[in-house]
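>>> curious how this folds, go ahead:
(one chain, ligands or ions: 1)
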Amino acid sequence: MDSKKVAQTIQDKFPDLTVKTNWSLAPLSTFKIGGPAQIFTITKSSNQLKELLVFVKKDHPQLPLTILGNASNTLISDSGIEGLVIKNTSQNIHILKKKPPESKKQLIPVLRQEKDSKKYLDFNSLNYDESDKEKVFVEIESGVPFPYAISHLLQKGVTGLQWFAGIPGTVGGATWYNLHGGSYHLSDFIHSVEVLDLKNSTVKKMSPKDLNFAYDYSLLQKKPNLIILSTTLSLYKGNIEKAQSTAQKWIEQKKKVQPIPSAGSVFKNLSPDLAQKHGFESSSVGWIIDQKLKLKGKTIGSAQISPLHANFIVNTGSAKAKDVLSLIKLVQKEFKNRWNIKLEPEIKILDNV
Ligand SMILES: Cc1cc2nc3c(=O)[nH]c(=O)nc-3n(C[C@H](O)[C@H](O)[C@H](O)COP(=O)(O)OP(=O)(O)OC[C@H]3O[C@@H](n4cnc5c(N)ncnc54)[C@H](O)[C@@H]3O)c2cc1C
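Residues are numbered from 1 along each chain as shown. Predicted structure coming up:
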């Protein structure tokens with residue numbers, strides 16, 4: 001593929017976009033790690049994202065496509081990403097005037113009981129219930145940064161997202177992963193998700209039931225042909241001051257124990273049953289890496305298992321993706337050898353070159 005020629009056809013079709021080739025992705029990821037995108041552009045609304053994807057699918061059907069939100073749960077390979085990488089940004093949030101038809105949700109058990117709330121996060125002391133409050137339905141475009149969505153909605157009198165304060169992703173990434181904060185998953189609030197199906201370029205709405213949400217999981221992870229355009233959430237007309245102060249406390253707590261540059265928790269936590277089977281006092285993988293494996297501070301190249309939170313790997317300077325991967329493999333090997341546990345990464349490793 002002549003990437004310059006392909007980039008030019010995209011540029012000609014979409015003069016409002018800036019299309020680059022061989023564009024460094026490291027500065028765009030919260031890890032500050034990764035090689036270049038072969039072709040790169042930034043979309044500014046879901047409509048622009050949709051039109052671009054429909055065009056590319058028609059004119060360059062073989063071109064590999066990658067959608068990035070804030071690349072805050074992503075490890076980009078040192079050799080970069082082949083094809084077109086789109087950074088999806090937007091600020092569009094619509095508070096719906098009419099209540100959409102009800103959709104059924106299933107609640108997911110929380111797998112993040114931290115053993116030592118002084119070292120990690122103290123969920124329980126901040127938790128409260130808003131389910132008796134009047135509901136408000138809000139449609140948020142997938143490229144909206146979560147911190148912006150929270151503060152914008154609080155200003156408009158809408159609460160419910162305070163548990164997710166201090167998380168640097170976009171609404172698209174949060175839906176794809178089923179974001180978790182405190183005792184909540186984003187799916188607890190999801191009414192529907194609007195997706196573009198790249199197979200036939202149609203837009204459809206999917207319900208939480210269609211999307212099989214679970215801890216760190218949605219069906220979207222198995223369906224790369226489905227691109228999230230927007231997510232409609234069922235939120236509350238709750239107590240704004242209380243929600244604001246909760247969000248602030250979350251941010252303060254997270255800053256103390258969640259170091260950057262990083263990509264959040266590297267591994268999924270264990271199920272309570274598995275933790276109990278092995279006699280662990282906590283299902284938190286951070287706690288096990290810290291207390292049982294004593295691997296806090298372990299460094300390979302410039303990648304380090306954080307001395308603050310053992311489920312975080314930090315880039316202490318010029319870390320490469322291969323350094324992070326070596327640390328991931330080391331921890332996985334320890335879990336396998338000592339307890340025969342297959343530890344699953346929570347971060348998405350992007351390495352299609
Ligand atoms: C300091 C720090 C703290 C964090 N704390 C938490 C936390 O408390 N809880 C938590 O759950 N996570 C946490 N995270 C991880 C991360 O912020 C979230 O998982 C976030 O939802 C990822 O969103 P993103 O936009 O950055 O996704 P990205 O990393 O950009 O993308 C992740 C995956 O989603 C796909 N994707 C993104 N947008 C779309 C779209 N529109 N359509 C289809 N696919 C898409 C991408 O292709 C990729 O495969 C933390 C991260 C950091 C750095």
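
>>> wait, Ala303 touches Val324, no?
Yes. Distance between Ala303 and Val324: 4.6 Å, which falls inside the contact criterion (Cβ atoms under 8 Å). Every residue, glycine included, has its C-beta placed from N, CA and C.

>>> neighbours around the residue nearest to Gln221 when sequence neighbours are not counted, how many?
Nearest-residue entry for Gln221: Trp176, 6.5 Å, with adjacent residues in sequence omitted and distances by Cβ to Cβ, 6 or more residues apart in numbering. Using other Cβ atoms under 10 Å, the number of residues around Trp176 comes to 27.

>>> and the gap between Trp176 and the ligand?
According to Cβ to the nearest ligand atom, to the nearest Å, Trp176 stands 4 Å off from the ligand.

>>> centre of the chain to whichever strand or helix holds that residue, how far?
In the assignment (DSSP states H and E), Trp176 maps to helix 171-177. Using Cα atoms, centre = their mean, to the nearest Å, the mean C-alpha position of helix 171-177 is found 5 Å from that of the whole chain.

>>> now for the following helix or strand past it, which elements pack on it?
Per DSSP H and E, the first helix or strand lying C-terminal to helix 171-177 is strand 180-181. In terms of contact count using 3 or more Cβ pairs under 8 Å, 6 or more residues apart in numbering; DSSP states H and E, strand 180-181 is assigned no packing partners among helices or strands.

>>> contacts for the helix or strand just after strand 180-181, please.
On the C-terminal side of strand 180-181, the nearest following helix or strand under DSSP H and E is strand 184-185. Residues external to strand 184-185 that are found in contact with it (Cβ atoms under 8 Å, 6 or more residues apart in numbering): Ile108, Val110, Trp163, Phe164, Asn178, Leu179, Phe213, Tyr215.

>>> burial count for the fifth one?
Using other Cβ under 10 Å, Asn178 has 23 other residues around it.

>>> that one reaches Phe213, doesn't it?
Yes. Using Cβ under 8 Å, Asn178 and Phe213 qualify as a contacting pair, with a distance of 4.9 Å.

>>> can you list residues touching both of those two?
Common neighbours of Asn178 and Phe213, using Cβ under 8 Å, 6+ apart, are Ile108, His185, Ser187.

>>> shouldn't the last one be within a helix?
If I follow you right, that is Ser187. Yes. Applying DSSP: H, G, I helix; E, B strand; the rest coil, one finds Ser187 inside a helix.

>>> so how far is the ligand from it?
Here Ser187 is placed at a distance of 11 Å from the ligand (Cβ to the nearest ligand atom).

>>> my guess is that residue contacts Phe213, does it?
Yes. Checked against Cβ under 8 Å, the pair Ser187 and Phe213 is within contact range at 3.6 Å.

>>> joint contacts of the two?
Ile108, Asn178.

>>> just checking: which of the contacts of strand 184-185 also lie near the ligand?
The residues of those that also fall near the ligand, by Cβ under 6 Å from any ligand atom, are Leu179.

>>> about what we covered before: with Ser187 as the reference, measure out to the residue nearest to Gln221.
As for Trp176, its distance to Ser187 is 11 Å (criterion: Cβ to Cβ, to the nearest Å).

>>> pull up the overlap in contacts between those two.
Overlap of the contact sets of Trp176 and Ser187 (by Cβ under 8 Å, 6+ apart) consists of Ser218.
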